[in-house]
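**Student:** model the following, please.
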Amino acid sequence: MKVSQIREMRPDERQGELEKLEKELFTLRTRAETEKLENTHLLRNIKRDIARFKTIIRQSQLKG
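**Tutor:** Model (predicted):
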């Protein structure tokens with residue numbers, strides 16, 4: 001997801017999306033341990049999206 005799209009979201013939407021991504025990362029990690037993943041790049045992409053969300057959430061907290 002792009003940064004501009006994340007910034008346009010309301011704070012509660014950002015938090016909800018962050019939780020959804022963290023759950024998805026958990027399921028992918030578990031699936032990677034039990035079976036072979038076809039798209040291993042999904043793990044990296046989800047981690048990066050989580051980092052983007054956390055960064056923008058923190059920036060909005062510091063602004064006010």
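
**Student:** going by C-alpha atoms from here, please, whenever you check contacts or count neighbours.
**Tutor:** Noted.

**Student:** middle-most residue in this protein, spatially?
**Tutor:** Centroid-nearest residue in the chain: I50, 2.8 Å away (criterion: Cα atoms, centre = their mean).

**Student:** can you give me the buried ones in the helix or strand hosting it?
**Tutor:** Using DSSP states H and E, I50 sits within helix 41-63. By 16 or more other Cα atoms under 10 Å, the buried positions in helix 41-63 come out as L43, I46, D49, I50, R52, F53, I56, I57.

**Student:** same check on stretch 21-38?
**Tutor:** Residues of stretch 21-38 classed as buried: L21, E22, L25, L28 (neighbour count, 16+ other Cα under 10 Å).

**Student:** among the residues you listed, which lie within helices?
**Tutor:** L21, E22, L25, L28 (DSSP state H).

**Student:** dump these to CSV, plus distance to E35.
**Tutor:** Below are these laid out as CSV (distance: Cα to Cα, whole Å):
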residue, distance to E35
L21, 20
E22, 20
L25, 15
L28, 10
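
**Student:** from those, pick the one nearest R14.
**Tutor:** Among these, L21 lies closest to R14 (Cα to Cα), at 10.5 Å.

**Student:** separation between that closest one and A51?
**Tutor:** 10 Å (Cα to Cα, to the nearest Å).

**Student:** any stretches of the chain with poor pLDDT?
**Tutor:** Scanning the chain for pLDDT under 70 picks out nothing.

**Student:** let's see it at 90
**Tutor:** Within the chain, the ranges that satisfy pLDDT under 90 run 1, 36-38, 40, 64.
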